[in-house]
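J.: dropping the sequence and predicted coords here.
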Amino acid sequence: MKENPIYLRICLTNRCNYNCYYCHAEGSDSKNSKDLPLGVILSAVKLAKENNINKIKLTGGEPLLRKDIKKIISEIYKINKKFDLSLTTNGFFLKDKVNDLKKAGLKRINISVNSLSNKKYGEITGIDGLNRVLDGISEASKLGIKIKINTMIDKKNLKEVMKFVDYCKKNNFDLRFLDLLPVKEGTKDMVFSSDNLNLVLESLCSSVSLENQNGTKVNKYIIKGTPVMTKAKSFGNKCMNCKHRQKCGEGIYALRLNADGKLQPCLFRKDLEMDFKKTKTKRKTNFKTALMRAAA
Ligand SMILES: C[S@@+](CC[C@H](N)C(=O)[O-])C[C@H]1O[C@@H](n2cnc3c(N)ncnc32)[C@H](O)[C@@H]1O
Ligand code: SF4
């Protein structure tokens, strides 16, 4: 059976220890702190397997705030050892938890690092945590876990593009630049558009190609021999007439299961949300419907 191009993005909790000024909180209401129960997570993962979804991302809020993170990961692997499973974290608790993550079988971690300067990192995230995060990353790397650095580029950190390239080259990490989605009020003025970011990267790179990376289309730039990724625009049919298209700028590539137990095919379309947690009997049909809505 052909692998489903949509991936499942599970928001384990909407609690977070950071206060990033731009955060879209994965579309959920971050003031109502909720954790997604393990049973609901596993139910969605089983349906993902049934629907030929192989790629699963665990996110939050901050997923490492979950005390049962080791169990969550090992139970997911019990459903399918071959899942391409990754976790996206701010890295603050990585040093304490990385041994558990490794023991649970996790092979890939994406860490969000938005500045390599202590001062700017604090301004963007609201937390003085850069050194601790970098220590956690190097610990994870020593354990053989594949690292990807996710960096949201805005007008504050634009000048750090080459600093990130050098850091990732030195450590053999993948690097992904994300453009700021101005979901939160007051963030529009900080946006450095993806078109402009791509122009900057084109001027620095020795080659550029369009690639399919784990189901998502990406622009891959080679800068100083290091691959640097940005998301390529990949609007499907259902996105073409969407009024949110300009703001979104990317198209649907994931089915989200939010911490409140709702399935959300698109970050910008609250109206497409469907219940998953509450009605056990409807989980299978709601999952299929939400997946169809996501598949553009
Ligand atoms: C919502 S966070 C959750 C996981 C974890 N707390 C972290 O920061 O990595 C997941 C990713 O979304 C990114 N993100 C959050 N809000 C965003 C926005 N408005 N535009 C672009 N990326 C955003 C973060 O930078 C992070 O890389
Ligand atoms: S660490 Fe992640 S979830 Fe927390 S505020 Fe920052 S981007 Fe949002």
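T.: Received, thanks. Numbers count the residues shown, from 1 in each chain. Ligands and ions are numbered 1, 2, ... in the order given.

J.: against Y221, how distant is the residue nearest to the spatial centre of the chain?
T.: Nearest to the mean C-alpha position of the chain, counting by Cα atoms, centre = their mean, stands T88 at 5.4 Å. Distance of T88 to Y221, computed by Cβ to Cβ, to the nearest Å: 22 Å. (C-beta placed from N, C-alpha, C; glycine too.)

J.: touching ligand 1 at all, stretch 164-182?
T.: Yes. For stretch 164-182, a contact with ligand 1 is found by Cβ under 6 Å from any ligand atom, at 178, 180-181.

J.: for those, pick the one with the most neighbours.
T.: Counting neighbours by other Cβ atoms under 10 Å, L180 leads the residues of stretch 164-182 next to ligand 1 with 23 neighbours.

J.: just checking, it touches D154?
T.: Yes. If you go by Cβ atoms under 8 Å, L180 and D154 touch, sitting 4.8 Å apart.

J.: so what's in contact with the two at the same time?
T.: The contact sets of L180 and D154 overlap at 22, 190-192 (Cβ atoms under 8 Å, 6 or more residues apart in numbering).

J.: contacts with ligand 1 among these, please.
T.: Y22.

J.: got the contact list for the closest residue to ligand 2 within the stretch 51-200 of the chain?
T.: Residue of the stretch 51-200 of the chain nearest ligand 2, by Cβ to the nearest ligand atom: N90 (3.7 Å). The contact partners of N90, taken as Cβ under 8 Å, 6+ apart, are 16-18, 62, 111-112, 125, 129, 133.

J.: show me what from the stretch 101-250 of the chain comes close to ligand 1.
T.: Contact residues (Cβ under 6 Å from any ligand atom) of the stretch 101-250 of the chain with ligand 1: 112, 150, 152, 178, 180-181, 183.

J.: which residues does the closest residue to Q213 other than its chain neighbours bridge with?
T.: Excluding its sequence neighbours, the residue lying closest to Q213 (Cβ to Cβ, 6 or more residues apart in numbering) is M229, at 6.8 Å. Counting by DSSP bridges, M229 forms beta bridges with R176, K220.

J.: got the phi and psi for the closest residue to D174 other than its chain neighbours?
T.: Nearest residue to D174 in three dimensions, chain neighbours excluded: K148, at 4.1 Å (Cβ to Cβ, 6+ apart). Dihedral angles phi and psi of K148 (degrees, to the nearest 10) take the values phi -120, psi 130.

J.: ok, L263 next?
T.: Per degrees, to the nearest 10, the backbone of L263 is at phi -90, psi 130.

J.: pLDDT wise, what is it at?
T.: For L263, the pLDDT comes out at 95.

J.: can you name the residues that contact it?
T.: 255-257, 273-276, 286-287, 290.

J.: A140: neighbour count?
T.: For A140, using other Cβ under 10 Å, the count is 25.

J.: and for D128?
T.: By other Cβ under 10 Å, 11 other residues sit near D128.

J.: thank you, goodbye.
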